[in-house]
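> Give me coordinates for this.
(one chain, ligands or ions: 2)
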Amino acid sequence: MNETDNTESRIPIVLIDDDEELGRSLVRLLRHEGFAPDFFADGETALQAIAAGNYQVILSDIAMPHIDGIEMMRRVRQYDFDIPIILLTGEPTIDSAKKAIELGAYRYLTKPFDREELVSTVRSAVFVHRMAKIKREAAELQGQAHHGPSDLLGLNIAFEAALATLWMAYQPIVRGGDGSVFAYEALMRTESKTLPHPGAMLSAAESLGRLDDLGRHIRKIAPGPFGNGNGGGDALLFLNLHPRDLADPLLLETGTALGAIADQVVMEITERASLDKIPGALDAIRQLRERGFRIAVDDLGSGYAGLTSFAMLEPDVVKIDMALVRDVDKNTTKQKLVHSVVELSRDMGISVVAEGIETPAERDRCVELGVDLLQGYLIGRPGPAFPRVNW
Ligand code: G
Ligand code: MN
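Ligands and ions are numbered 1, 2, ... in the order given. Down below sits the predicted model:
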């Protein structure tokens, strides 16, 4: 046995093609180049082998009966975000090949194959796969949660799965005077390990151009526990809008559960993003108001130089960002700022919420400074409808 026959050092790859004759010739070629190819003429069997094996690269024909190359990618990406998939096609111009690349195929090669191109593509795919693994491990080492899918197909699948498990947590907002519940803020939560928090979910939706789907889903389920005798009492619902939701033609759709309780709903719009780039934003806000929704400016004082959006939104409620609330009892500059917000808002008939209250000292100082409404882990963590208040 010579060195190239040593199966230990050979790189395991999968080859799938319904043309068995072509398959056999590719196997010979790839073996000769030092790979250990396993050939399958049938997609289902191949998928089982891939799930069980330790393959470095997948080469798959696109046009096959039963499971085609695109479906193959879809199935593999449900559990493996890294393995490079090289698609093989007889027709260089077909749309599916372009779509395959958009979806994250590593490359596609056209038949008849150029021997050198085939081999160098497989080699570079092996390299890319190893690098992806190292990067993922490095990210985990630094305490960053799963680095996430590296291509659009993987991201789409992760997004779909996360959307299916999406649920709303509710965090109480209480009156500073007596700790009675004024409202609950709805916050999205997922059961997804790949997209485990709202930030990950939002940036996935952004990358996929699916912010509308996410926003619509949230607006559909958030009002669930409110309304007739479901335990919410007459508490208001605070709901975060992504600025892009303001451009969704379905935002003002009639006959919805949310619309039915519009006068109980406060739409939060963050100060972090500018509304300038959203077409029709102010018009959408005006129409929301006409429907009975109230508007809150969220994250006030979080850094964005943004009294512009404040003025533009003419909010009913202002939410002071937790950055200003943190240690407000010890920091006189923050005390002055919070007090200024309170005074300014009082003159305009705007209610003020202090977000992110974590200590009794922060709570007490906010009340002293005249803040009407309080929210934060001290008072109640977000949880299934409806968490208990600690007062
Ligand atoms: O941007 P917005 O204000 O909507 O973000 C609210 C986020 O802040 C939620 O994810 C919520 O879980 C979190 N949060 C709520 N209360 C507290 C708190 O007291 N401390 C901290 N650190 N986070 C909080
Ligand atoms: Mn908010």
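> Which of the three states applies to the residue in the stretch 51-200 of the chain positioned nearest to ligand 1?
Closest residue of the stretch 51-200 of the chain to ligand 1, CB to the nearest ligand atom: residue 187 (5.0 Å). Where C-beta positions appear, they are placed from N, C-alpha and C, glycine not excepted. Secondary structure for residue 187, judged by DSSP: H, G, I helix; E, B strand; the rest coil, is strand.
> May I have the beta-bridge partners of it?
Counting by DSSP bridges, residue 187 forms beta bridges with residue 169.
> can you tell me which residues contact it?
Contact analysis of residue 187 by CB atoms under 8 Å, 6 or more residues apart in numbering lists 168-171, 198, 240, 382.
> can you check residue 121 too?
With CB under 8 Å, 6+ apart, residue 121 has these contacts: 86, 106-107, 109.
> Share the number of residues neighbouring the nearest residue to residue 178 once chain neighbours are set aside, please.
Counting by CB to CB, 6 or more residues apart in numbering, residue 178 lies nearest to residue 391, which is 8.0 Å off, once chain neighbours are set aside. Using other CB atoms under 10 Å, residue 391 is surrounded by 15 other residues.
> Quick check, residue 391 in contact with residue 176.
No - Residue 391 is not in contact with residue 176 according to CB atoms under 8 Å; the separation is 10.5 Å.
> what residue ranges in the stretch 201-350 of the chain are flagged as low confidence?
Low-confidence segments of the stretch 201-350 of the chain (pLDDT under 70): 228-232, 303-311.
> near ligand 1, which residues of it show up?
The stretch 201-350 of the chain has residues 240, 298-299, 322 near ligand 1, with proximity defined as CB under 6 Å from any ligand atom.
> Now residue 135: which helix or strand?
helix 115-141 (DSSP states H and E).
> mind checking how far that helix is from the chain centre?
Remark: helix 115-141 is offset 26 Å from the chain centroid, using CA atoms, centre = their mean, to the nearest Å.
> Which of the residues in it are classified as buried?
With burial defined by 16 or more other CB atoms under 10 Å, the residues of helix 115-141 counted as buried are 118-119, 121-122, 125-126, 128-129, 132, 136.
> quick one, strands of this protein?
Along the chain, the stretches classed as strands by DSSP state E are 11-16, 35-40, 57-61, 85-89, 107-110, 167-175, 181-189, 236-241, 265-270, 294-300, 317-320, 351-354, 373-374.
> CSV please, covering these and showing distance to residue 337.
As requested, the strands of the chain are exported to CSV (distance: least, CB to CB, whole Å):
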stretch, distance to residue 337
strand 11-16, 61
strand 35-40, 64
strand 57-61, 57
strand 85-89, 54
strand 107-110, 55
strand 167-175, 20
strand 181-189, 22
strand 236-241, 22
strand 265-270, 18
strand 294-300, 10
strand 317-320, 8
strand 351-354, 12
strand 373-374, 17
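> if we can go back for a sec, could I get the contacts of residue 121 as CSV with distance to residue 352, pLDDT and neighbour count?
Below are the contacts of residue 121 laid out as CSV (distance: CB to CB, whole Å; pLDDT from 0 to 100; neighbours: other CB atoms under 10 Å):
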residue, distance to residue 352, pLDDT, neighbour count
86, 58, 93, 22
106, 53, 85, 22
107, 56, 87, 19
109, 62, 89, 18
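> Run a quick neighbour tally on residue 376.
For residue 376, the neighbour count with other CB under 10 Å is 24.
> any idea how far it is from residue 328?
Distance, residue 376 to residue 328, by CB to CB, to the nearest Å: 11 Å.
> Contacts for stretch 294-303 next, please.
236, 238, 240, 265-272, 285, 288-289, 309-310, 313-321, 323-324, 337, 341, 353, 355.
> how about 6 Å then?
The contact list for stretch 294-303 (CB atoms under 6 Å, 6 or more residues apart in numbering) reads 266-268, 270-272, 310, 313, 315-321, 323-324.
> Mark which of those residues are buried, thanks.
266-268, 270-271, 310, 313, 315-321, 324.
> Go through the residues you listed and name the one nearest residue 251.
The closest of these to residue 251 turns out to be residue 267 (CB to CB; 9.5 Å).
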